[in-house]
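Asker: A predicted structure for the sequence below; I have some questions about it.
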Amino acid sequence: MKSRFPYLDGLRGLAALLVVLHHGTISHDWALHSGLVSDSKFSWDVAVSGMPFFLLNGGDFAVCLFLVLSGFVLAHSFLHSSLGIFASAIKRYTRLTMPIVVTSLISLAVGILTPSFALPGAIGSGRSWLDLVGALRFCLVEALYNATVTGLHGATYNGVLWTIPIEFHGSLLLLLVFAATRRIARTSSTWTTLAGVACFVLFLLTWHSRLGLFGAGATLYALSATDRLRPLDGRGVWVAALVVFALFLGTMPESPERISIYNQLIRLVGEAPEVAAGATVRHPLPTLLGVHDPTPYRLSAIAFWHSVGAILILWTIFLSRTIMRVLNHGFCQWLGRLSFPLYLIHTTVYRTVGLGVYGWVAARGIPYGVSSLIAIATYTLASLAAADVLARTVERPSVRRSRELGQWIDARLKRKPAPVP
């Protein structure tokens, strides 16, 4: 059994780069996302905003990829770990939180050095010691608690942290599933099958939530681990068609200029196209039972199809050795090593490098479009460079320290008490 899946690291790296490019693009032309004439910067952007396969609009699709990948990788980790449930939860919390704390403090430092930036948590609007202490307290509480436990509410030092509570809660949900099935199963193969069935049931119960992506990813892992998911040798055309279909769904735009087939898909899940971005998809079971649906992180109709596209992308990887080889390429692997710090740091880099370069170039009379392209390219390269440093100095130690902490806690919990003399 393989202990790692390098091609999935490559996919995660590409998804992180997609988020970086998405945020840089829409920051300079919001109409590419909104499809509104009032936001337009160019004569073509509103029309482009509704097109399929426009990957620069695929930020939410990339987030769905992150979550379904986490479900797959965590299923492998939990099945091959000897840690107890508490130690595993602490390990996961530490793994996520260490890079978040460092990047949040960097964002705070950048905010302090930017006079126009209103510091969340500051008592006043200046940079007095009381302001800085309040801001530091807010930053640490957000990084250590809100980012994983309660979620973000209002002002923040890093807007991308909205996905981390989903990541952490989904991890805990899978951990409970695997811990429960471990008690029932008699052999490792039985445990894999039983856990896969349980994860599929979890997916059926939560498909209308982002948490359902963890169940889907874990189900795909169970299929892969039991050799029920194999490459389709000689069926390259079918695999390519499935990739195209997955990208078609994954790039469903928020823009009202989207093509009519997208609106038909939105109606298929019970929503009117004009409210698709705001209304959440309803699960039929609570309605049938006449009870309130307590499921958190509910998907909009558009995000639902993004999640379907993400699940299909992960599935197609296991159907094609060619895709695996591409994702195993050095560049994709490098991006994979940077993916988490790249995701966490890129908005801070944009506030500094991106906006700074744009202001400097625009001040020299360069047209808006060219200035924006230069700024986006520079910010992307700077984000990659910053993430590379963080991967070496923060990401790798966080993986190692979280593993050591989990093992230490598990050893203490499992240690037998000394006999009473």
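Answerer: Good, I have the coordinates.
Asker: Which elements pack onto the helix or strand hosting residue 189?
Answerer: Residue 189 belongs to helix 188-206 when assigned by DSSP states H and E. In this structure, helix 188-206 packs against helix 59-79, helix 164-184, helix 212-225, with contacts taken as 3 or more CB pairs under 8 Å, 6 or more residues apart in numbering; DSSP states H and E. Quick note: C-beta positions are derived from backbone N, CA and C, even for glycine.
Asker: low-scoring pLDDT stretches of the chain, where are they?
Answerer: 1-3, 274-278, 416-421 (pLDDT under 70).
Asker: ok, now how distant is residue 239 from residue 401?
Answerer: From residue 239 across to residue 401, the span is 40 Å (CB to CB, to the nearest Å).
Asker: of the two, who's got more company?
Answerer: Between residue 239 and residue 401, counting by other CB atoms under 10 Å, residue 239 is the more crowded of the two (19 against 14).
Asker: quick one: buried residues of the host helix or strand of that one?
Answerer: Using DSSP H and E, residue 239 falls within helix 236-250. Using 16 or more other CB atoms under 10 Å as the burial criterion, the residues of helix 236-250 that qualify are 239, 242, 243, 246, 247, 248, 249, 250.
Asker: same question, stretch 191-205
Answerer: Those would be 191, 192, 193, 194, 195, 196, 198, 199, 200, 202, 203, for stretch 191-205 by 16+ other CB under 10 Å.
Asker: What of stretch 291-306?
Answerer: Within stretch 291-306, the residues scored as buried using 16+ other CB under 10 Å are 295, 297, 298, 299, 300, 301, 302, 303, 304, 305, 306.
Asker: can these go into a markdown table with extra columns for distance to residue 217?
Answerer: As requested, the buried residues of stretch 291-306 are arranged in a markdown table below (distance: CB to CB, whole Å):
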| residue | distance to residue 217 |
| --- | --- |
| 295 | 18 |
| 297 | 15 |
| 298 | 19 |
| 299 | 15 |
| 300 | 20 |
| 301 | 22 |
| 302 | 20 |
| 303 | 16 |
| 304 | 16 |
| 305 | 17 |
| 306 | 15 |
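Asker: Closest one of those residues to residue 385?
Answerer: residue 306 (29.3 Å; CB to CB).
Asker: can you give me how far the strand or helix carrying the closest one is from the chain middle?
Answerer: Per DSSP H and E, residue 306 falls inside helix 301-317. Mean-position distance between helix 301-317 and its chain equals 13 Å (CA atoms, centre = their mean, to the nearest Å).
Asker: could you dump that helix to PDB, C-alpha only?
Answerer: Below are the C-alpha coordinates for helix 301-317, written out as PDB (Å, rounded to 0.1, in the frame of the first residue of the first chain):
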ATOM      1  CA  ALA A 301     -26.600  25.800  -6.300                       C
ATOM      2  CA  ILE A 302     -23.500  27.100  -8.100                       C
ATOM      3  CA  ALA A 303     -21.100  25.800  -5.400                       C
ATOM      4  CA  PHE A 304     -22.900  22.500  -5.500                       C
ATOM      5  CA  TRP A 305     -21.900  22.000  -9.200                       C
ATOM      6  CA  HIS A 306     -18.400  23.200  -8.400                       C
ATOM      7  CA  SER A 307     -18.200  20.400  -5.800                       C
ATOM      8  CA  VAL A 308     -19.500  17.800  -8.300                       C
ATOM      9  CA  GLY A 309     -16.800  19.000 -10.700                       C
ATOM     10  CA  ALA A 310     -14.100  18.600  -8.000                       C
ATOM     11  CA  ILE A 311     -15.300  15.000  -7.200                       C
ATOM     12  CA  LEU A 312     -15.200  14.100 -10.900                       C
ATOM     13  CA  ILE A 313     -11.700  15.600 -11.300                       C
ATOM     14  CA  LEU A 314     -10.400  13.400  -8.400                       C
ATOM     15  CA  TRP A 315     -12.100  10.400  -9.900                       C
ATOM     16  CA  THR A 316     -10.600  10.900 -13.300                       C
ATOM     17  CA  ILE A 317      -7.000  11.000 -11.900                       C
END
